[in-house]
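Peer 1: The amino acid sequence is not available; the structure is as follows:
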């Protein structure tokens, strides 16, 4: 699997497209603007269309997992990648909750559980700690959605293995890979901390909360620019060198961990840090497109999934009742701006397929890019429902 390469795709938008898709907000339209009022988007219907398209175009019914390539027939499965499976199933779980617990979505839970395990050689273990962490987080969500103990048991089993990735090189932190213990990455620590925090919510084991704090403190001290809220990609513990690539998913998982710790402890410091990280991500820096102000394209492959991971934790922060009014409005505006741009830029809204750039169509679609877009639309539906 190609990992941690720079997904900086230079996509210059023409002025008309950028204007038409970025939707800078209602404040531009005064009462005498003469513009025709657009019909409101039904975000629940948009989410249903997006998630059903995920099933229609990527679900492999004969094997019980999601294909990587769009509209692949049930033949030799060369187009498969372990870690995106978690995020695709997360969208199905989103649909399950949005629909009030529909059996049409629950149908996929066990099939995916068995299918991914079979495809992985009979277990969920993997050389990449971060890959196991994504699967583990989804197992926790499956447990919370269904109440079935096997999902929680699998999550606990994975978590026990993931903890072995912590070592003293670089002052601590969970390694990226089992055979590369010196590489300490944001992608293996943010999700690891989230696992610990989520398991603490369920079982109230103090050791899980201690793990969440420990991982947070290491990542904050070693990979986060406290002044700006930028999360750097990794530390090479052999040389002490920081690789300062900035990806939306690393921003999202560290932000999400800080927010979880605020909710668990009530310590305002955690919320302040979550807000700073979120503000950096949406605020015109390394993670946004300078032409549109939207979260930037991070390409296909692994990078196609990154924005959706940020959005999954960003919407939770946007719904935090202890935000200031200014923070709440800023986050709501950014969420809506990205969702409207994606939905209004030429896709077939009855059967949408999403590429890596949320401000244009006609680009290569794969499981990662579509899952990322569907996560955004499901998040917008959730936000609208919760704030009505």
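Peer 2: Done, it's in. These figures come from a predicted structure and were not determined experimentally.
Peer 1: Under the pLDDT cut-off, which ranges of the stretch 51-200 of the chain? List them.
Peer 2: Low-confidence regions of the stretch 51-200 of the chain, defined by pLDDT under 70, span residues 74-78.
Peer 1: quick one, strands of it?
Peer 2: Taking DSSP state E, counting those that start in this stretch as the criterion, the stretch 51-200 of the chain contains strands spanning 59-60, 65-66, 175-177, 180-185.
Peer 1: Dump those strands to TSV, plus distance to residue 241 and mean neighbour count.
Peer 2: Placement of C-beta: from N, CA and C, glycine included. Converted to TSV, those look like this (distance: least, C-beta to C-beta, whole Å; neighbours: other C-beta atoms under 10 Å):
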stretch	distance to residue 241	mean neighbour count
strand 59-60	41	19
strand 65-66	36	28
strand 175-177	14	23
strand 180-185	11	20
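Peer 1: Tell me which of those approaches residue 367 most closely.
Peer 2: strand 65-66 (5.6 Å; C-beta to C-beta).
Peer 1: and the helix or strand encompassing residue 269, which residues are buried?
Peer 2: Residue 269 belongs to helix 268-282 when assigned by DSSP states H and E. Taking 16 or more other C-beta atoms under 10 Å as the basis for neighbour counts, the residues of helix 268-282 that come out buried are 270-271, 273-282.
Peer 1: neighbouring contacts of it?
Peer 2: Contact with helix 268-282 is made by 216, 220, 224, 226, 228-231, 248, 251-252, 254-256, 258-259, 261-262, 287-288, 295, 310, 314, 317, 320, 322-323, 327, 330-331, 334, as judged by C-beta atoms under 8 Å, 6 or more residues apart in numbering.
Peer 1: The next helix-or-strand element following it: how far from the chain's middle?
Peer 2: Tracing the chain C-terminally past helix 268-282 and defining elements by DSSP H and E, one meets helix 306-318 next. Shown here is helix 306-318, whose average C-alpha point lies 6 Å from the average C-alpha point of the whole chain (C-alpha atoms, centre = their mean, to the nearest Å).
Peer 1: what's helix 306-318 packed up against?
Peer 2: Packed against helix 306-318 by the contact rule (3 or more C-beta pairs under 8 Å, 6 or more residues apart in numbering; DSSP states H and E) you find helix 84-98, helix 248-265, helix 268-282, helix 325-343, helix 367-387.
Peer 1: what do you get if the cut-off is 10 Å, keeping everything else the same?
Peer 2: If you count contacts as 3 or more C-beta pairs under 10 Å, 6 or more residues apart in numbering; DSSP states H and E, helix 306-318 packs onto helix 84-98, helix 186-203, helix 248-265, helix 268-282, helix 325-343, helix 367-387.
Peer 1: So which residue is smack in the middle of this structure?
Peer 2: Centroid-nearest residue in the chain: residue 309, 0.9 Å away (criterion: C-alpha atoms, centre = their mean).
Peer 1: That residue is in contact with residue 186, isn't it?
Peer 2: No: using C-beta atoms under 10 Å as the test, residue 309 is too far from residue 186 to be in contact (11.6 Å).
Peer 1: Common neighbours of those two, please.
Peer 2: Each of 247, 249-251, 253 lies in contact with both residue 309 and residue 186 under the rule C-beta atoms under 10 Å, 6 or more residues apart in numbering.
Peer 1: which among those residues gets closest to residue 353?
Peer 2: Among the shared contacts of residue 309 and residue 186, residue 249 lies closest to residue 353 (C-beta to C-beta), at 21.1 Å.
Peer 1: Roughly how far does the closest one sit from residue 133?
Peer 2: Taking C-beta to C-beta, to the nearest Å as the measure, residue 249 falls 12 Å from residue 133.
Peer 1: where do the contact lists of these two overlap?
Peer 2: Shared contacts of residue 249 and residue 133, counting by C-beta under 10 Å, 6+ apart, come down to 187, 190-191.
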